[in-house]
Structure formats: C-alpha cells, structure tokens
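Engineer: Got a sequence here, can you model it:
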Amino acid sequence: MKVTISDVAKLAGVSTATVSHTINSTRYVSGETKEKVYKAIAELGYTPDASARSFRTGKKKTIGFIVPDISNKFFATMIESVENYLSSHGYHLIIANTKENPEREENNVRLLAAGLVDGLLIASTMEDFSRFDALIPAGFPVVLVDRTFEVKRFPSVCVSNFQPIYRSVCRLAGKGDKRIGIIGGLPRLSSTKERIAAYREAVADCGLPQDEALIRFGNSMENSAQQCLDDLLEQKCDAIVVAQGLMASETVIYLHEKGLQLSKDIDLVSFVDYDSNINHLYSSQMDCIVQPVEKLGEAAGEQILQRIETPDAPAFEQLLTSAYKPCGK
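Structural biologist: Just a heads-up that it's a prediction; the model follows:
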C-alpha cells in the first residue's frame, strides 16, 4: 500500500501542510521539525505524488540526471551533450552519481523527485523493475537512458549493439580465431545482457566452442578489466571482445604491458564510447564498435522535455545503433 503524506505527518507529529512546506521549501520550517519530517520520509520510504496539486510549485526549469559513474568518460560526454541541449531550451541540469550502487540510486531518486527538478533522466543500475517503479512518484516525468527494463512502463533512449557485436565475432571467426572471449559489464544491466546475447548467438552460428569460461564480467567501473583479461589469457584466447569503453581502454594498456601486439598476438574488438588518444593510436590495429554518445545525450534531452510537456503520453523506446568499424577499414 502506497505511503501517503498523511502517514508521514502522523509519524513526524506534524501537519500535512508542514510536510508539504518542508519538501517544497515554500515556508519557513524549523530545523528540528525538518529533521522529524525527513526522518519519517526515510523510515516510511515516502515518495510524493507529483500529480497532486499540493506538490506542484511550477516549473523549476531544471532536470536531474542520475548516472552510475561520473568518472566514466562515456557518461561525462553524455552529460555534456544533454546539458548543451537543455541549456539551449532554457533548462539547467543537476547530476547525481550512484557509483553503480542501487541504494545510492534509490536515495537520489527520492531526493530529486521530491520537488527539486521537473523531470529525471536515469541510467539505472537496478535489476529489479518493481523496486525502481516503486520509487517514481505518480505522473513524474522520467526517461531511462542507455539502460532499460523488460517492462516498458517508462520511455527510454538506448543504443543497440547486438548487430555490431554479432558481426565482429563472425569476422573474427572468419579470420580463423577459434577461442573468442568477451568481457561484459555488470550482468544485471540490460546493456550487458544484450551484448552477451549477441556474442552467444554469433559463437553458435559460427560453430565456435560455446565455453562459459570465455565469458567474463567486470563491474563497469575503473580497474575492473585486468582480472577478466588474466582469466581469458589463461584460457588461451586468440581474440577478445571488450563490450564497454572504459574497460576497453584499460585492456589496450594492459595487453601492451603484457607485451602482446594487437592484430598479431591477439585480436581485439573494442567499444569506443568516447574520444580518446588510445582509440586514435590503436584504431588501425583493432575492430571498433563506436557508440553515438553525443546523439544519445541529445535524444535524452529532447525526450525528457517532451515528457514534461506531455507526462501522460505512451511510453516508447527510442533506439540508436552503434557503428561497426573493422580493423584497417
């Protein structure tokens, strides 16, 4: 049963008006009272109904963007693209960083959706849709970015990498590579699931060994690729697909430190999520899957503004596609 503002007021020992003023900063509330209200909100897991008139304070011309890793240049580039689009339409952007932690995401959603912003862009780190769904106030504008759920209740803007990964594995098999490994991000993420599914299908269609030892998962954060690489090198891989840009850059550096030459000692398929010197330096020695990160950010900005104008519009998924650039082409 959904927690109401009356439940919060009762637990805090204040009126519902005081709870409303505390959340929206529409009237002076003492520090002691605020503490009681926020403690009750946290204890009950309360999220205000954005469609209720008592919580409508007018447009703030501000959008929240909840990202899993602000240090990842993929998300940093996307943030810049979103901000450029929103600023051209008179909106500001607030960033919240979850560090791939569902609890941090939960806290950020509650805070930002409680009246601080007009809408939310979320690159969710959650696997459980019901848990995510329970956080979003009724009628509150939300657009999922880069990651989504099987249940399509919220609009989303994502990139499909199925075909580029499938083509890259088939090309490696055509070159004679027999043991092709893959490093994915967190297994719970929709983006990881799609990329691993593409790999599995290509391996099966190309008649390659379907060996689970050739599938490894990092945590999508910095310094998570090395153990995966050690494991795959022990498995005598002659090619590796690294299905995440940050881990791909680390892979190039680590293989160089190991004295392995790309396209000679080992073949590599690298995700290119952002512009970097490493990608430019080694682009002729590895296959690249280039994600349209700037377009993704611009599309996310466009979708959230449309959602604010028409919050009851049907949810739909906007799907962009990565570009596959084989080695030497």
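Engineer: use CA for all of it now, contacts and neighbours both
Structural biologist: OK.
Engineer: Give the burial count for A204, as a bare number.
Structural biologist: Residues contacting A204 under the criterion other Cα atoms under 10 Å number 11.
Engineer: Please state the offset of the strand or helix carrying I66 from the chain centre?
Structural biologist: I66 belongs to strand 62-67 when assigned by DSSP states H and E. Its chain's C-alpha centre and that of strand 62-67 lie 12 Å apart, by Cα atoms, centre = their mean, to the nearest Å.
Engineer: Please list the outside residues in contact with that strand.
Structural biologist: Identification of contacts with strand 62-67 by Cα atoms under 8 Å, 6 or more residues apart in numbering yields 75, 79, 91-99, 105, 108-109, 112, 116-124.
Engineer: Of these, just the buried ones, ChimeraX syntax please.
Structural biologist: If you want just the buried ones from the contacts of strand 62-67 in ChimeraX, going by 16 or more other Cα atoms under 10 Å, the selection is:
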select :75,79,91,92,93,96,97,98,99,105,108,109,112,116,117,118,119,120,121,122,123,124
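Engineer: from the contacts of strand 62-67, which ones fall inside strands?
Structural biologist: If you go by DSSP state E, those have H92, L93, I94, I95, A96, N97, G119, L120, L121, I122 in strands.
Engineer: can these go into a markdown table with extra columns for distance to C228 and pLDDT?
Structural biologist: Listed next are the ones in strands among the contacts of strand 62-67 as a markdown table, based on distance: Cα to Cα, whole Å; pLDDT from 0 to 100:
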| residue | distance to C228 | pLDDT |
| --- | --- | --- |
| H92 | 39 | 93 |
| L93 | 36 | 96 |
| I94 | 34 | 95 |
| I95 | 31 | 96 |
| A96 | 29 | 95 |
| N97 | 25 | 95 |
| G119 | 38 | 95 |
| L120 | 34 | 97 |
| L121 | 31 | 98 |
| I122 | 28 | 97 |
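Engineer: Give me the distance between the two termini of stretch 136-154.
Structural biologist: This stretch, stretch 136-154, spans 10 Å end to end (Cα to Cα, to the nearest Å).
Engineer: Now do the buried residues in that stretch.
Structural biologist: 136-137, 140-149, 154.
Engineer: And stretch 298-306, by the same measure?
Structural biologist: Buried, per 16+ other Cα under 10 Å, within stretch 298-306: E298, A299, A300, G301, Q303, I304, L305.
Engineer: Just checking, which helix or strand succeeds the helix or strand harbouring the last one along the chain?
Structural biologist: L305 is located in helix 293-309, with elements delineated by DSSP H and E. Toward the C-terminus, helix 293-309 is succeeded by strand 317-321 as the next helix or strand (DSSP H and E).
Engineer: Would you mind pulling the contact partners of that next one?
Structural biologist: K152, P155, S156, V157, C158, V159, S160, N161, Q291, P292, L296.
Engineer: Next step: the residues you listed restricted to strands.
Structural biologist: S156, V157, C158, V159, S160.
Engineer: in the stretch 201-329 of the chain, what spans have low per-residue confidence?
Structural biologist: Scanning the stretch 201-329 of the chain with the threshold set as pLDDT under 70 gives 220-222, 276-277, 279, 328-329.
Engineer: All the strands of it, in order from the start?
Structural biologist: Here the stretch 201-329 of the chain has its strands, by DSSP state E, counting those that start in this stretch, at 215-217, 239-242, 267-272, 287-290, 317-321, 323-325.
Engineer: Just give me the residue closest to the centre of this protein.
Structural biologist: Centre of the chain computed as the mean C-alpha position; nearest residue by Cα atoms, centre = their mean is A123, 3.2 Å away.
Engineer: For that residue, give me the pLDDT.
Structural biologist: pLDDT recorded at A123 is 97.
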